[in-house]
Structure formats: C-alpha cells, structure tokens
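[1] pasting the structure only:
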C-alpha cells in the first residue's frame, strides 16, 4: 500500500502551511477570538478564493479538485498545527458528504457554495441525553401538508452562530432510540422558529444551543429517504471523527515542538531542563505518540470506504484520544504553571486536545464500539 502523498496533496499542504504561517500565528488567533462572532470571516473566504482549498476534497463535477478524505486529512493537520477555529469539518467534511449522498439539486446548488466559502454548515446531531447514541433523538419532524414541522433541542452545535444552514437529525417515526425512523433535514439558519443561544467553547470555537419551535420546512428539506438516514449519519460522524483526529495530530505535533524548544531555554540547577534524562525520555514518548497517532489516522482515512469502517475509525479514535491526553498533559507538566496561562499557547493547545478527546465519541464509547464489533464477529 502506498502511504506517500500525491504531488497535488503536497502542494495543498505547503500552500496552506505558508498562508497560516503568515496569517494565523498565535497572537493573530487570539485577536480573532475577540472579534464579534469569535472569528475573522475573511480567513474562511481567503481559504476559498485565494487558496481554493475548500474544494480540494470535493468532486470535479461540482467545481472541486476531485480529491477525497486524504486531502481533508492533509488540510486538517495543518489547521490543527495552528489550532484554527475554522468550520472545515462541519462544512466540507460533513456538509459535503451529506450533499453528495443526497445528490440531485441539493448537491448541484450547494456544493459550489461550499467551495466559494458562501455556504457554512452547522451539524445539529447531538442532544443533551444522547451520549453519542445517534439514534437517541427527541427532536421530531412531523408532516404538515407537503412539508414538515420540526420541534426539539440540539446541543453544542459548532459553527452554528455564523452558519448559513444546519444539518439536523430528527425522528420522523419509531421510538426514541430505535434505529429506524431517523431522518436528516437541511434547514436554513434563518428559518422562522429557530432560537439560538450562542457561546464560546473552552477551545475557542463558537457553538450554539438550537431550539426548534414549530419550524416549518418544505419537502425538499428532507435528505434521502424518510426514516432511513441513520447509516448516513453514522458515516458522516465517522468521517468527521477521522478528520478531527488529523487535526489532533497537527496540534500534538506543534505542542511537542513548543515543549522541546522550551526545554532548551528553561534552566534549572544551572543547565537547560532538556538536559535531564527523565525529560528527554518524556519528550521521546511524546514524539512516539504523535507518530503513532499520525499512522493510525492515515490508516483510518484510507479505510473510510471499507466495510469495516467502524472498526478502523474506533481504533484510530482510541489511539488519538490516548495520545492527545498524554502529549497535552506532558506539555503542561514540563512547562509548569505557565503552561496553563492565557498568554502562552501551550494551554490553548491543551484545551483543544482535551475537547477533541470528547468529540465524535470519547475513549469509553469507542472501546465499547470495538468490543461490540468483536462480539458480533465471534457470534
């Protein structure tokens, strides 16, 4: 199996790396977070128009470059390197995949909007009682003539404060946790009846609690067949999980670099702390965690179209979750108290890695999914 990136993927990586080095250093990121909405919309537009990278993983038929998940992985690692707060995962990874699965007019009209930077998605799939069970839904959509009326509450919808559209998982039939009866809707962010409560997350991203109060949508808002969307939603979440693992690899790699540099500058007992063997061993362990996480992320990315996708994704997420915790905690420990100050970037990388541990399934969830898969194979 060839693990080398193509020339195009290398160019994408280098182009984005240079742009972020000039426009997304730590001080500029901090300034962006203080802007209204918690971001600089010009950055997203530049990624679309100046760099043209939002179409890298999308088909040529819709104006993209014809790439795929590996292209997203390459880009997400670079975004993770600067802990960028850009909505690539909900928009390109989740939104793009959902539109391609729906096909027809939805894909033809909206994928070019993603590529141009005009369409931004919020993925409204989580609910307070859900605990990673994608079928555990209290949000409902009931028929009203030719259309539908949506009611319910969606929690921690990342990018919702500035999204143009929401992908909303709802129950159109069956009981609360039943696999059948789950549907996926595409809803405009400005639809009447949507109440939003915006807030900043600990890692810098903006998110919202979304309340749907008799939100009327037309028949075209339903993506795919009624009540049969759960397999697609599971696929979307797995793609998002692997892309976020790539982001974690970028963040871990940068955090290791920061910690290594600090160990050469900070002196104790008349010599740099990096000269102490115990810290050298710790930083080697950090490096190994980064490289193993990168390898697992690449393997899971290559297996996203595999029949055993769930197994590969969960193995990847387990490894990356463990690696993120080890690298983050080690970096803070080696820095000491300043490692968690607002002024130093170390603590911000630690916060983002801590959030990634819980996104798209925590360690216990993915270990449980692996166990369930093994039990099913044994049976």
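    Good, I have the coordinates. None of the values given here were measured: they were computed from a predicted structure.
[2] report the contact partners of residue 184.
    98, 167, 168, 169, 170, 222, 223, 224, 229, 232, 233 (CB atoms under 8 Å, 6 or more residues apart in numbering). Placement of C-beta: from N, CA and C, glycine included.
[3] of those residues, which is the nearest to residue 7?
    Of all the contacts of residue 184, residue 98 has the smallest distance to residue 7: 29.8 Å, by CB to CB.
[4] correct me, but the closest one touches residue 223?
    Yes. Taking contacts as CB atoms under 8 Å, residue 98 lies within contact range of residue 223: 6.2 Å.
[5] shared neighbours, those two?
    Taking CB under 8 Å, 6+ apart as the contact rule, residue 98 and residue 223 both touch 167, 184, 186, 232.
[6] turn those residues into a markdown table, columns for distance to residue 289, pLDDT and secondary structure.
    Formatted as a markdown table, these follow (distance: CB to CB, whole Å; pLDDT from 0 to 100; DSSP: H, G, I helix; E, B strand; the rest coil):
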| residue | distance to residue 289 | pLDDT | secondary structure |
| --- | --- | --- | --- |
| 167 | 33 | 98 | strand |
| 184 | 36 | 98 | strand |
| 186 | 39 | 97 | strand |
| 232 | 33 | 97 | helix |
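[7] in CSV, list those along with distance to residue 70.
    As requested, the shared contacts of residue 98 and residue 223 are exported to CSV (distance: CB to CB, whole Å):
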residue, distance to residue 70
167, 23
184, 25
186, 27
232, 21
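[8] of all these, which two lie farthest apart?
    186 and 232 (12.5 Å).
[9] name the residues contacting each of those two.
    Residues touching both residue 186 and residue 232 (CB under 8 Å, 6+ apart): 98, 223.
[10] ok, residue 361 - contacts?
    With contact taken as CB under 8 Å, 6+ apart, residue 361 is in contact with 132, 237, 241, 314, 317, 369.
[11] care to break the protein down by domain?
    The chain breaks down by automatic domain parsing into domains covering 7-118, 123-228, 231-378.
[12] my guess is residue 264 contacts residue 279. True?
    No. Between residue 264 and residue 279 there is no contact under CB under 8 Å: 10.8 Å.
[13] compare neighbour counts for the two and give me the winner.
    Neighbours were counted for residue 264 and for residue 279 using other CB atoms under 10 Å; residue 279 has more, 19 against 11.
[14] what's around the spatially closest residue to residue 101 that is not a sequence neighbour, how many residues?
    Using CB to CB, 6 or more residues apart in numbering and skipping the chain neighbours, the partner closest in space to residue 101 is residue 232 (5.5 Å). Here the number of neighbours of residue 232 (other CB under 10 Å) works out to 20.
[15] residue 204 now?
    19.
[16] residue 308 too?
    11.
[17] next: the one 5 residues further on.
    Residues lying near residue 313 (other CB under 10 Å) number 29.
[18] I'd like the next helix or strand past the helix or strand harbouring it.
    Residue 313 belongs to helix 309-335 when assigned by DSSP states H and E. Following helix 309-335 in sequence order, the next helix or strand is helix 345-356 (DSSP H and E).
[19] chain center to the lowest-mean-pLDDT helix or strand in the chain: distance?
    Comparing every helix and strand of the chain by mean pLDDT, DSSP states H and E singles out strand 267-268 as the least confident one, with a mean of 81. The chain centre lies 39 Å from the centre of strand 267-268; the measure is CA atoms, centre = their mean, to the nearest Å.
[20] following element in sequence after that strand, please.
    Next element after strand 267-268 (DSSP H and E): strand 271-272.
[21] ok, then the element right after that following strand?
    helix 277-302.
[22] follow-up on the earlier one: who has more neighbours out of residue 98 and residue 223?
    The neighbour comparison of residue 98 against residue 223 (other CB under 10 Å) goes to residue 98, with 25 against 20.
[23] which ones are touching the more buried one?
    167, 184, 186, 223, 232, 236.
[24] what's the local residue count around the third one?
    Neighbour count of residue 186, defined by other CB under 10 Å: 20.
[25] quick one: contacts for it?
    Contacts of residue 186 by CB under 8 Å, 6+ apart are 98, 102, 106, 165, 166, 167, 168, 221, 223.
[26] just those residues: which are in strands?
    165, 166, 167, 168, 223 (DSSP state E).
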